[in-house]
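> what follows is a protein structure lacking sequence information:
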């Protein structure tokens, strides 16, 4: 563990977070490598989208859990924007809706996404995230969001791959990623600013580093489930190979 | 218990909620009777305000706990307004800030309110509310908010009493109550609409009725602590009799 008895200077701590987080981030997962290499079938892409939707749908819930543990009004006033961003408001449809539209751009019906039986490993990963944010400190919840530090680069690469290798996806479905490209930067900056103020002891730093590692493992594990079921098993066949089913 | 094996028609259920809630609501508590009768000293009024602030400060936290338990995006999109209302936004200072200004209008300094040692019974009541919303279903959390059904009448009476009997309080401090007079009506209507959709079984109805009763008991118990310490004990002397202390 790179943090000893005394807290690191903040900038060094952020470097540790970046290094330890980046090397575990799921952009390296075999499934995302296949995706970026253009090697996934339409069914595999749809199966990923449907399963990942479970994760998308718990984001506002884990953020509300962070709020519910946070006695600092100034932090809550910053953090609540994430819930509004994903759930949407009267003016803006929000991130969950954008993900559904991404699915429609892949030829899925909305109810196929909303009512899907997701894989047990995917459900475990999503539920573990909510549980983590409910049972750990709000500061660890904030730190766990810092995978956003690595999201913009991964999303840029993904967008390029989507446009190049998957011409059967309607490009108006990419709004979600175009939005995240900007929003992830702001979200990461907000989270780091909160850590700068509130993550001050060596123990805080260790817990926050652990929170980020936990989060990377959770994202990785979600893709393990998807890879095993839709790439390794069944010769790559999925229930989503024909857009009409299941 | 007025709910049997089969659910009541919704309008009857609401009547039960109103009846069972109203008869336990804290507008009848001896402390509020003294307040409305103009019989409290400035020190007693300030002591109430400071202690009640603890309750005010957990409102957004309990509402975030309700959000964090709620998988229904449509409900979350309605409910999140409460957090924004109390914590405030860039445009609006919010309910917690309005309560602090009410305290200033009574001659208190902001730090006297923010850093006060509140009474143990008050802390218990506030924490019990957060705990309830964290550990019970989101629907019971929603139902527990329905003391708002009784708030407008109580607030009207309180505002009249404040203006008539407590001329030493600067009237610009009453903004909080003037706001709640309107907002409580909207909040109660929103909560009832959610119950109409989601509180459908007899078991749901029993749990929701219990949630409202629990909430009335909690508000009552908060005032018990205040009444005992600042009316019964110490001959009505409080640490807030002089505006400079404590």
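Good, I have the coordinates. Source: prediction; values computed, not measured.

> and stretch A:172-191, does that touch chain B?
No. Judged by C-beta under 8 Å from any C-beta of the partner chain, stretch A:172-191 and chain B are separated, with a smallest distance of 14.0 Å. Placement of C-beta: from N, CA and C, glycine included.

> may I see the buried residues of that stretch?
Of the residues in stretch A:172-191, those with enough neighbours to count as buried (16 or more other C-beta atoms under 10 Å in any protein chain shown) are A:173-177, A:179-181, A:183-184, A:187-188, A:190-191.

> just the ones of those residues in helices?
When DSSP state H is applied, the buried residues of stretch A:172-191 are split such that A:175, A:176, A:177, A:179, A:180, A:181, A:183, A:184, A:187, A:188, A:190, A:191 fall in helices.

> now do the contacts for the last one.
By C-beta atoms under 8 Å, 6 or more residues apart in numbering or on different chains, residue A:191 lies in contact with A:142, A:143, A:145, A:146, A:148.

> which residue packs closest to residue A:78, ignoring adjacent ones?
residue A:190 (5.5 Å; C-beta to C-beta, 6 or more residues apart in numbering or on different chains).

> quickly note the distance from the one you found to residue A:63.
From residue A:190 across to residue A:63, the span is 12 Å (C-beta to C-beta, to the nearest Å).

> shared neighbours of the two, anything?
Contact criterion C-beta under 8 Å, 6+ apart; residues bridging residue A:190 and residue A:63 by contacting each: residue A:79.

> what average pLDDT does stretch A:223-236 get?
The predicted model assigns stretch A:223-236 a mean pLDDT of 96.

> show me the contact partners of that stretch.
Among residues not part of stretch A:223-236, those counted as contacts by C-beta under 8 Å, 6+ apart are A:26, A:29-32, A:34, A:41, A:43-44, A:47-48, A:51-52, A:119-122, A:125, A:238.

> quick one: buried ones out of those?
A:26, A:29, A:31-32, A:34, A:41, A:43-44, A:47-48, A:51-52, A:119, A:121-122, A:125, A:238.

> show me those residues that map onto helices.
A:31, A:32, A:34, A:43, A:44, A:47, A:48, A:51, A:52, A:121, A:122, A:125.

> please report how far the first one lies from chain B.
Right, the one you point to is residue A:31. When distances are taken as C-beta to the nearest C-beta, to the nearest Å, residue A:31 and chain B turn out to be 26 Å apart.

> tell me if I'm right that that residue and residue A:45 touch.
No. Judged on C-beta atoms under 8 Å, residue A:31 makes no contact with residue A:45 at a distance of 10.5 Å.

> so what's residue A:70 closest to, chain neighbours aside?
By the measure of C-beta to C-beta, 6+ apart, the closest residue to residue A:70 outside its immediate chain neighbours is residue A:138, 3.8 Å from it.

> what number of residues lie near that neighbour?
Here the number of neighbours of residue A:138 (other C-beta atoms under 10 Å in any protein chain shown) works out to 21.

> ok, it to residue B:115 distance?
Summarising the geometry, the distance separating residue A:138 from residue B:115, computed by C-beta to C-beta, is 21 Å.

> ok, residue A:135 next?
The spacing between residue A:135 and residue B:115, counted by C-beta to C-beta, is 28 Å.

> could you do residue A:72 as well?
Counting by C-beta to C-beta, the gap from residue A:72 to residue B:115 is 14 Å.

> quick one: the helices in chain A?
Along chain A, the stretches classed as helices by DSSP H are A:10-22, A:30-36, A:42-68, A:73-87, A:95-105, A:110-114, A:120-135, A:138-144, A:151-165, A:175-198, A:202-227.

> residue contacts, residue A:52?
A:99, A:122, A:222, A:226.

> highest neighbour count among those?
Among the contacts of residue A:52, where neighbours are counted by other C-beta under 10 Å, the top count belongs to residue A:222, at 28 neighbours.

> can you tell me how far the nearest residue to that one once chain neighbours are set aside sits from residue A:142?
On the basis of C-beta to C-beta, 6+ apart, the spatially nearest residue to residue A:222 that is not a chain neighbour turns out to be residue A:125, at 4.1 Å. Taken as C-beta to C-beta, the spacing of residue A:125 relative to residue A:142 amounts to 19 Å.

> now swap in residue A:43 and tell me
Using C-beta to C-beta, which is the criterion applied here, residue A:43 is 37 Å from residue A:142.

> ok, residue A:117 next?
32 Å.

> quick one: which of those two has more around it?
residue A:142 (25 against 10).

> can I assume that one is in contact with residue A:195?
Yes. With the criterion set as C-beta under 8 Å, residue A:142 and residue A:195 qualify as a contacting pair; they are 6.7 Å apart.

> any common contacting residues for the two?
Common contacts of residue A:142 and residue A:195 (C-beta under 8 Å, 6+ apart): residue A:208.

> higher neighbour count, residue A:72 and residue B:115?
Summary of the neighbour comparison: residue A:72 and residue B:115, criterion other C-beta under 10 Å, with residue A:72 having more neighbours (14 against 10).
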